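>>> Got a predicted structure here, sequence first:
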Amino acid sequence: MKNYLPILLLILTFGSSCKLTQFQESNKKIEVPAPYVELKSGEKIDAKDVIIKDGLLGIGRGIVADGTKYDPKKVAFFSTGSAKYACAGRSALICPEIIAGKINIYRYMYEEVVTDSKTGRSHYRTRYAYYIQGENEKEVTTISYKHLIKLIPTDAKAHKLLERYNKTHKVTRNGKIAGAAMMIGGFAVAANGNVTTGMLVFCAGALDYVSFAIVNVFNHFKLTRAIKMYNEN
């Protein structure tokens, strides 16, 4: 039964990480403010020159304003004069602003190693992580229902998309939980000797879990559409 454990972990990982949110850069020219650095403490430092400086081997990366270096973990936002950036997450990822509106969008781009299951060859794939900022917010957050429900007012058209997302999300969440429980239960039954019954339960749970995970991916697009609709109206 040890051979089935990687399959179980693979399916659970698929369902928990499958999100395909993607934004295209705005065709409208973004008005970039003059160079400055805004710290998470609220202090804002205007500067003549702001640059991103990479440390040796990627260690010690910093934001340099008029010769003074600032740790990205202490910086909320900054501008080089040609682009505006946010420092997001615990790792203080430096993310350029790609859409400016009622909800600003910041994007972090990174490379992920992917191995082809047929050939065994590995290659890099570009992935994106997005962060949002409300007009009057002093920090960026991930794209989620709990954050957007605070940014998009109830009288906005986009709010209906959030309501639809929330209703469907509860169903998909419960469906994934039930599917995961069936897989674990089937695995346990098979491990105790009743392989046929256990595998039937496991397969049924896997089908249930993956189905709800896929529905959840498409449901997640409602959050993206809500942001776009709110910015456009």
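Noted; the coordinates are in hand.

>>> What is the neighbour count of residue 128?
Residue 128: 14 surrounding residues under other CB atoms under 10 Å. (Glycine included, C-beta is placed from N, CA and C.)

>>> In a strand, it, correct?
Yes. Judged by DSSP: H, G, I helix; E, B strand; the rest coil, residue 128 forms part of a strand.

>>> which stretches of this protein have low pLDDT?
Residue ranges of the chain with pLDDT under 70: 1-22, 26-27, 55-60, 117-118.

>>> all helices of it, in order?
Using DSSP state H, the helices found in the chain span residues 5-17, 145-151, 158-191, 195-232.

>>> For residue 121, which of those is the nearest?
In terms of CB to CB, the element of those nearest to residue 121 is helix 5-17, at 19.2 Å.

>>> where's the residue lying farthest from the centre of the chain relative to residue 178, distance?
In the chain, counting by CA atoms, centre = their mean, residue 193 sits farthest out from the average C-alpha position, at 41.4 Å. As judged by CB to CB, to the nearest Å, residue 193 and residue 178 stand 25 Å apart.

>>> same check, this time on residue 231
Distance, residue 231 to residue 178, by CB to CB: 37 Å.

>>> from memory residue 80 sits against residue 36, does it?
No. Here residue 80 lies out of contact with residue 36, judged by CB atoms under 8 Å, at a distance of 9.6 Å.

>>> residues shared between the contacts of these two?
In the contact map built from CB atoms under 8 Å, 6 or more residues apart in numbering, the residues linked to both residue 80 and residue 36 are residue 50.

>>> give me every residue that touches the residue nearest to the spatial centre of the chain.
Nearest to the mean C-alpha position of the chain, by CA atoms, centre = their mean, lies residue 129 at 4.7 Å. By CB under 8 Å, 6+ apart, the contact list for residue 129 reads 88, 93, 95, 107, 108, 110.

>>> and the first one, how many neighbours?
Right, the one you point to is residue 88. Residue 88: 24 surrounding residues under other CB under 10 Å.

>>> can I assume it is in contact with residue 104?
No. Residue 88 is beyond contact range of residue 104, at 11.8 Å (criterion: CB under 8 Å).

>>> List of residues touching stretch 86-97?
30, 52, 61, 63, 71-73, 75-78, 83-85, 104-108, 129, 131, 133, 140.

>>> Format the contacts of residue 129 as TSV; extra columns: distance to residue 205.
Formatted as TSV, the contacts of residue 129 follow (distance: CB to CB, whole Å):
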residue	distance to residue 205
88	36
93	36
95	38
107	36
108	34
110	33
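
>>> Quick check: strands, which of the residues you listed are part of them?
Among the contacts of residue 129, DSSP state E puts 88, 93, 95, 107, 108, 110 in strands.

>>> Narrow those to those that are buried.
Buried by 16 or more other CB atoms under 10 Å: 88, 93, 95, 107, 108, out of those.

>>> Quick check: residue 183 touching residue 209?
Yes. Counting by CB under 8 Å, residue 183 touches residue 209, with 6.4 Å between them.

>>> still on that earlier bit, tell me which of the ones in strands among the contacts of residue 129 is nearest to residue 23?
Nearest member of the ones in strands among the contacts of residue 129 to residue 23, counting by CB to CB, is residue 107, at 6.8 Å.

>>> can you pull the contacts of that closest one?
Shown in contact with residue 107 (CB under 8 Å, 6+ apart): 23, 95, 96, 98, 128, 129, 130, 131.
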